[in-house]
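Asks: coords please:
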Amino acid sequence: MTTTEYQVTGMTCGHCEMSVREEVSEIAGVDSVEVSAQTGKLVVSASAPISDDAILAAVDEAGYSAVRA
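Replies: Predicted coordinates:
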């Protein structure tokens, strides 16, 4: 299992967290998603490595921007 951390900007509330969680969870291979609007932290756990581009694109689709931490 691999765990990768990202810093997300623009999230302010629980709805923001839910939007990011839903988009990232749709990526094949993702096992769990932890996201916090308060800290801006996104932690993705997966059974196999997932490209940063896929994660960043999902966060962008949710309406936010992210960088790998």
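
Asks: ok, I55 to A46 distance?
Replies: As for I55, its distance to A46 is 9 Å (criterion: Cβ to Cβ, to the nearest Å). Where C-beta positions appear, they are placed from N, C-alpha and C, glycine not excepted.

Asks: quick check: buried residues in the lengthiest helix in the chain?
Replies: Longest helix of the chain, by residue count under DSSP state H: helix 14-25. Buried residues in helix 14-25, defined by neighbour count with 16 or more other Cβ atoms under 10 Å: C16, E17, S19, V20, R21, E23, V24.

Asks: repeat that for stretch 54-69.
Replies: By neighbour count on 16+ other Cβ under 10 Å, the buried set for stretch 54-69 is A54, I55, L56, A58, V59, A62, Y64, A66.

Asks: looking at those residues, which one is closest to T39?
Replies: For the buried residues of stretch 54-69, the residue nearest T39 by Cβ to Cβ is A66; the value is 12.8 Å.

Asks: which residues in this structure form strands?
Replies: Assigned by DSSP state E, the strands in the chain fall at 2-9, 30-35, 41-46, 65-68.

Asks: most packed of the ones you listed?
Replies: strand 41-46 (a mean of 19; mean count of other Cβ atoms under 10 Å).

Asks: strands paired with that one, and their directions?
Replies: Strand 41-46 has these partner strands in its sheet, going by DSSP bridges: strand 2-9 (antiparallel), strand 30-35 (antiparallel).

Asks: ok, back up a step: between I55 and A46, what contacts are shared?
Replies: Residues touching both I55 and A46 by Cβ atoms under 8 Å, 6 or more residues apart in numbering: T4.

Asks: tally up the residues packed near G40, please.
Replies: A count of neighbours around G40, defined by other Cβ atoms under 10 Å, yields 17.

Asks: do I have it right that it meets T9?
Replies: Yes - with contact defined as Cβ atoms under 8 Å, G40 reaches T9; the gap is 6.2 Å.

Asks: cheers, nothing more for now.
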